[in-house]
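Asker: The following comprises the amino acid sequence and a computationally predicted model.
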Amino acid sequence: MNLPNKLTVLRILLVPFFVAALLIDFPLNNLAALALFGAASLTDLFDGKIARRRGLVTDFGKFADPLADKILVISALLCFVQLGLCDCVAVIIVLFREFTVTSIRLIAASKGKVIAANIWGKVKTVTQMTAIICVLVMQLVLDIGALGAPLPCALHTVFFWIGEGLIWISTFFAILSGVIYVKQNSRFIADK
């Protein structure tokens, strides 16, 4: 297994630790969650760059890289729903998009074709990861405030709505990229 693929697998392996850090209440758990999510996000940045730069692009990487992104992002969003930080409707839309895209990829694979992520899928992933990181940073600020002087209640509300806005922006890009993906790859689902 080459280095980019190892980074992709590492991203998947970091997910349970990220989820545990986010859901288990301990001092500065959001700092641990942010660090783990940040590390996992960096593997996404580097695996593709290294693969393209060194000519190490593989079919496994084309399939596993977007799958690792989905596992990481959906895990974070589901945890946010459980923690009351995110609207479940946005997550349902994202899940619908991901199941649709993955289904098309599987159909293509059954026909011997591997479909790599397009630029809109990458934009979707970047906006999702950015939104998640921002929500985690805001939760960390609230954690730090809880350790010292109490923060105004309004700050909780402001942070919630900023997080919701960022998640909905990323959901818009999920919808847009999904529609483009279906249009570009409709030949795999055409019954011919």
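Answerer: Structure's in. What do you need? Residues are numbered from 1 along each chain as shown.
Asker: Buried residues, the strand or helix carrying residue 103. List them.
Answerer: Per DSSP states H and E, residue 103 falls inside helix 88-110. Across helix 88-110, burial judged by 16 or more other C-beta atoms under 10 Å covers 90-91, 93-95, 97-98, 101, 104-105, 108. C-beta: built from backbone N, CA, C; applies to glycine.
Asker: what's the answer for stretch 158-176, then?
Answerer: Buried, per 16+ other C-beta under 10 Å, within stretch 158-176: 159, 163-164, 166-167, 170-171, 173-174.
Asker: so which of these comes closest to residue 52?
Answerer: The nearest member of the buried residues of stretch 158-176 to residue 52, counting by C-beta to C-beta, is residue 173 at 22.4 Å.
Asker: Can you report phi and psi for the closest one?
Answerer: phi -70, psi -30 (degrees, to the nearest 10).
Asker: tell me what the following helix or strand past the helix holding residue 103 is packed against?
Answerer: Using DSSP H and E, the helix or strand that directly follows helix 88-110 along the chain is helix 119-147. Here helix 119-147 touches helix 29-53, helix 59-83, helix 153-184, going by 3 or more C-beta pairs under 8 Å, 6 or more residues apart in numbering; DSSP states H and E.
Asker: Give me the angle between helix 119-147 and helix 59-83.
Answerer: 40 degrees (axes from the mean of the first three to the mean of the last three C-alpha atoms, to 10 degrees).
Asker: and helix 119-147, average pLDDT?
Answerer: Helix 119-147 shows a mean pLDDT of 91.
Asker: buried residues in it?
Answerer: For helix 119-147, by 16+ other C-beta under 10 Å, it's 120-122, 124-129, 131-140.
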